[in-house]
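Asks: sequence and computational prediction follow.
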Amino acid sequence: MDIKVLVATHKPYRMPEDEMYLPLHVGREGKADLGFAGDNTGDNISAKNANYCELTGLYWAWKNLSADAVGLAHYRRHFVGAGRGSDRFDRVLTKPEAEALLAQADVLVPNPRRYYIETTYDQYVHAHHREGLDCVHDILRARYPAYLPAWDAVMRRTWGHRFNMFIMKRPQFDAYCQWLFDILFEVEATIDISEYSPSEARVFGYLSERMLDVWLETNQVRAKEVKVQFMEKQNWLKKGGNFLLRKLRGGRREEA
C-alpha cells in the first residue's frame, strides 16, 4: 500500500525517517524555503494558513498527492508504533504497522481526548468564539441534514478525536475532504473574523477538530484508535489550569 502521512511543520525540525512520512511546509506561500515540500504548489490554499492551520496541507494533499492512503501528523505530535527505544522517534508508527492497522479499519485516529467535566460544545465555546461552531450547525441543517444526529451526539460528549490527525484510505479521504472543505469555505464566507486575535483567527483548524467524529459516525466508517505521543515535554499542569480557569470564568481568556 502506498501510504503518505504529511508531517505539517512551519519551521525546521527533525522528521521521522520512515518512507511513509512526507514533511510538508504548511503556509509556505511567501515564506522562506525550509528544504521541505511546500503546500503552495498546484491547486492550493497555502495563503490561508493563518486561519486554516495544518488544513492547508490537507487541502494540498487532497488536490495534488497520489497515494492509496493519506494521513496527517504534526512535527511535534505523532502516532505511536511498537518501538520501545529511548528516543521518541524510535516509537513513531512505521509503514508496516500502519498497513497492518489499515487491514482492520479504513481510518486510523488518535485515542480520544477527554474533558470529563465539559461537553465538546461547552469546551469549545469556553475556549473560542462560538460563532463558527454554530455556523457549522446551520450549514449542516441546510446542506447535510443527515449529519445532524451525529453532530448533536458529538457536541454532548465529553470526549473526541482531536489534533486533526488521522490516516485514511483514499476513498474515505477524498469523501471527507470534499465534505469538510465545502462546509469550512461556507463558514469562511459567513462569519466575520476580522476582530479575532491571531490565535482565534485559526478558527477553521479548531472547527475541523470537532467535525471529524461527525463525519466518521454518519458514514459508519471503520476507525481504529492509535496512541499519540508528543515529541516534546508538555506542561500538563499549565494546560489543566487554563482549562479549569476557562470553566470557572465561563469563557476564554482574551489576549492582550
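Replies: In hand now; what should we look at? Numbers count the residues shown, from 1 in each chain.
Asks: now the helices for the protein?
Replies: Along the chain, the segments classed as helices by DSSP state H run 49-52, 55-64, 95-102, 120-127, 131-143, 148-156, 170-190, 203-218, 236-249.
Asks: from those, which stretch is densest packed?
Replies: With neighbours defined as mean count of other C-beta atoms under 10 Å, those peak in mean count at helix 55-64, which reaches a mean of 23. The C-beta positions use only the backbone N, C-alpha and C, and glycine is treated the same way.
Asks: and the helices of the chain, which one is worst for confidence?
Replies: Among the helices of the chain, helix 236-249 carries the lowest mean pLDDT, at a mean of 48.
Asks: tell me which of the helices of the chain approaches Gly38 most closely.
Replies: helix 55-64 (8.3 Å; C-beta to C-beta).
Asks: contacts for that closest one?
Replies: Taking contacts as C-beta atoms under 8 Å, 6 or more residues apart in numbering, the residues outside helix 55-64 that touch it are 4, 6, 8, 24, 26-27, 39-46, 48-49, 52, 70, 72, 164, 173-174, 177, 180-181, 184, 204-205, 208.
Asks: report pLDDT for the residue nearest the centre of the chain.
Replies: Central residue of the chain (C-alpha atoms, centre = their mean): Asn164, 1.1 Å from the mean position. Looking at Asn164, its pLDDT is 98.
Asks: for Ala223, list the residues it contacts.
Replies: Contacts of Ala223 by C-beta under 8 Å, 6+ apart are Ala105, Asp106, Val107, Leu108, Val109, His161, Leu216.
Asks: doesn't Arg222 make contact with the first one?
Replies: Going back to what we said before, that points to Ala105. Yes: if you go by C-beta atoms under 8 Å, Ala105 and Arg222 touch, sitting 4.5 Å apart.
Asks: just want to know which of the two has more residues nearby.
Replies: Ala105 (18 against 12; other C-beta atoms under 10 Å).
Asks: which residues does the residue lying closest to that one once chain neighbours are set aside contact?
Replies: Residue nearest to Ala105 in three dimensions, not counting chain neighbours: Lys224, with 3.8 Å by C-beta to C-beta, 6 or more residues apart in numbering. Contact analysis of Lys224 by C-beta under 8 Å, 6+ apart lists Leu101, Gln104, Ala105, Val107, Leu108, Val109.
Asks: excluding its backbone neighbours, what's nearest Asp39?
Replies: Spatial nearest neighbour of Asp39, excluding adjacent residues (C-beta to C-beta, 6+ apart): Trp60 at 4.0 Å.
Asks: same question for Met155.
Replies: Tyr121 (4.1 Å).
Asks: and Arg91, by the same measure?
Replies: Nearest to Arg91 is Gly83, by C-beta to C-beta, 6+ apart, at 4.4 Å.
Asks: equivalent analysis for Gln172, please.
Replies: Asp106 is the one closest to Gln172 (C-beta to C-beta, 6+ apart), at 5.1 Å.
Asks: same question for Ala69.
Replies: Nearest one to Ala69, counting by C-beta to C-beta, 6+ apart, is Ile3 at 4.5 Å.
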